[in-house]
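Asker: 3D model of this:
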Amino acid sequence: MENKNIALVVGATGITGSNLAEELISQGWTTYGLSRNPNDTIKNLIPIKADLLDIQSLENALEGISPTHIYFTTWMRNDTEEENIRVNSALVRNLLDVLSPKKSVKHVALVTGLKHYLGPFEAYAKEGKFPETPLREEQPRLPLPNFYYAQEDEVYKASERDGFTWSIHRPHTVVGYTVGNLMNIASTLAVYASICKETGRKMIWPGSSEQWNGLSDVTDARILAKQLVWASTTDSAKNTAFNIANGDVFRWKWLWYRLADYFGIEAVGFEDTIRPLEKEMENDQEIWKNIAQKHQLKEENLQRLASAWHTDLDLGRPLEVMTDMTNSRSLGFNKYQNTEKSFIEVFEKLKAEKIIP
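Answerer: Prediction:
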């Protein structure tokens, strides 16, 4: 049976968007990928170049395109949460406004994350008001400014106006393969471990004692992609918010040593204080350049591969963080992914693609 669905993946170059595009294409969807700098590395993805903050650019780019399903997987980092709210709500609003007259959209899926429950890092780090874990989908919004809420509200408003259904997806730390993505724990750790191996340094845990000792989960980009497609094509899943994680739990004090073993290096666990990766790697650009030249790697620019600041935010949290998946489990979404394998498979792919030695 021919698939009549037409997907528009917004943020198709990112870790979530690129994995989602591959999943949709494998299921026979006509798939467009919208981004400011489109990539042509995904076979059968139709790239669209547009700026979400520029309505004219969107109207021109989408002129002949009438998508049935919108997958919103992107956001822009700004200096303040107020600015985050202003800019990131506009990204969603502009796109849905431009598509509104076509009346083609049946479903909009929005990817946010666990800051929905945690709030901005500053809020819980300073005030010490921690949410109850595991984080549950029915937990109410926090009384704090949060750009995720602003993005959700734009989807709800447009849904009432245009009559489409929606789903919200809240992954934990996303693990997956992509290059040049600014929030990628797997490639960040792979690059860090490769530097440690080359220089004889130890792989030092950069995070908090709570994260080191507590329970965690993460979200493989491929399982997130599967949930996105499932929620957008399953009637009982419409108009619902979903947590999404791999389905296993682990402690970093176990996984950290496993990851170091993969690279054949020595690991150091938590010892009395947080030792941020950003500081640990701040002088490593020259070292990486030499490694890249020596092993004929594709990317000499460390900044395009490692996002230490983002890994520090995830691993530095002063509480253990894991999620409950009741909403999708009870509706029959039963995909599972082993977390150690998630990381190893990304490392293998980074090697195969000559990104790490």
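Asker: and Val92, what element?
Answerer: Using DSSP states H and E, Val92 sits in helix 81-99.
Asker: Now do that helix: which elements does it pack against?
Answerer: helix 55-61, strand 69-72, helix 147-162 (3 or more Cβ pairs under 8 Å, 6 or more residues apart in numbering; DSSP states H and E). The C-beta positions use only the backbone N, C-alpha and C, and glycine is treated the same way.
Asker: Okay, now the sheet partners of the following helix or strand past the longest one, with direction.
Answerer: Per DSSP H and E, the first helix or strand lying C-terminal to helix 147-162 is strand 165-171. Partner strands and pairing direction for strand 165-171 (DSSP bridges) are strand 107-111 (parallel), strand 240-244 (parallel).
Asker: Quick one: these as a markdown table, columns for distance to Asp312, mean neighbour count and mean pLDDT too.
Answerer: A markdown table is the format used below for these (distance: least, Cβ to Cβ, whole Å; neighbours: other Cβ atoms under 10 Å; pLDDT from 0 to 100):
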| stretch | distance to Asp312 | mean neighbour count | mean pLDDT |
| --- | --- | --- | --- |
| strand 107-111 | 22 | 25 | 98 |
| strand 240-244 | 23 | 23 | 98 |
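Asker: Next, the contact list for Thr16, please.
Answerer: Thr16 makes contact with 73, 111, 171, 174, 176, 221, 224-225, according to Cβ atoms under 8 Å, 6 or more residues apart in numbering.
Asker: Now the two most distant members of these.
Answerer: By the measure Cβ to Cβ, Val111 and Gly176 form the most distant pair in these, at 12.5 Å.
Asker: Determine which of the helices and strands packed on helix 81-99 approaches Leu20 most closely.
Answerer: Nearest of the helices and strands packed on helix 81-99 (Cβ to Cβ): strand 69-72, 5.8 Å.
Asker: Tell me the helices and strands packed up against the closest one.
Answerer: Against strand 69-72 (3+ Cβ pairs under 8 Å, 6+ apart) you get strand 6-10, helix 81-99, strand 107-111, helix 221-233.
Asker: avg pLDDT for the first one?
Answerer: Per-residue pLDDT values across strand 6-10 average out to 98.
Asker: got the angle for it vs helix 81-99?
Answerer: Inter-element angle recorded for strand 6-10 and helix 81-99: 160 degrees (by axes from the mean of the first three to the mean of the last three Cα atoms, to 10 degrees).
Asker: Can you name the element that comes right after strand 6-10?
Answerer: Downstream of strand 6-10, the first helix or strand assigned by DSSP H and E is helix 15-26.
Asker: how about the strands paired with strand 165-171, which one is nearest Thr233?
Answerer: Nearest of the strands paired with strand 165-171 (Cβ to Cβ): strand 107-111, 7.9 Å.
Asker: so what secondary structure elements neighbour the helix or strand that the closest one is followed by?
Answerer: Heading C-terminal from strand 107-111, the first helix or strand you meet, by DSSP H and E, is helix 115-118. If you count contacts as 3+ Cβ pairs under 8 Å, 6+ apart, helix 115-118 packs onto helix 147-162.
Asker: buried ones in the helix it packs on?
Answerer: 147-152, 154-155, 158-159, 162 (16 or more other Cβ atoms under 10 Å).
Asker: and the residues you listed as a markdown table, adding pLDDT?
Answerer: Formatted as a markdown table, the buried residues of helix 147-162 follow (pLDDT from 0 to 100):
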| residue | pLDDT |
| --- | --- |
| Phe147 | 96 |
| Tyr148 | 97 |
| Tyr149 | 97 |
| Ala150 | 98 |
| Gln151 | 98 |
| Glu152 | 98 |
| Glu154 | 98 |
| Val155 | 98 |
| Ala158 | 98 |
| Ser159 | 98 |
| Asp162 | 98 |
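Asker: of the residues you listed, closest to His107?
Answerer: Closest to His107, out of all of the buried residues of helix 147-162 and judged by Cβ to Cβ, is Ser159, at 9.3 Å.
Asker: Using the three-state scheme, assign Pro47.
Answerer: Classification of Pro47 using DSSP: H, G, I helix; E, B strand; the rest coil returns strand.
Asker: Ok, Tyr32 next?
Answerer: Criterion first, three-state DSSP; result for Tyr32: strand.
Asker: Pull out the buried positions in the helix holding Val92.
Answerer: Buried-residue list, helix 81-99, by 16+ other Cβ under 10 Å: 81, 84-85, 87-99.
Asker: same thing with stretch 253-268?
Answerer: 253, 256-257, 259-260, 263, 265, 267.
Asker: How far off centre is that stretch?
Answerer: In this view, stretch 253-268 has its centroid 24 Å away from the chain centroid, taken as Cα atoms, centre = their mean, to the nearest Å.
Asker: Need the mean per-residue confidence for that stretch.
Answerer: 98.
Asker: How about stretch 335-351?
Answerer: The pLDDT scores in stretch 335-351 average 97.
Asker: still on that earlier bit, mind putting the strands paired with strand 165-171 into JSON lines with distance to Leu189?
Answerer: Formatted as JSON lines, those follow (distance: least, Cβ to Cβ, whole Å):
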{"stretch": "strand 107-111", "distance to Leu189": "22"}
{"stretch": "strand 240-244", "distance to Leu189": "21"}
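Asker: End to end on stretch 229-245, go ahead and measure it.
Answerer: 15 Å (Cα to Cα, to the nearest Å).
Asker: can you list the weak-confidence ranges in the protein?
Answerer: Within the chain, the ranges that satisfy pLDDT under 70 run 1-2, 121-122, 124-128, 179-183.
Asker: Would you point out which residue is most central in it?
Answerer: Per Cα atoms, centre = their mean, the C-alpha nearest to the average position across the chain is that of Val174, at 4.4 Å.
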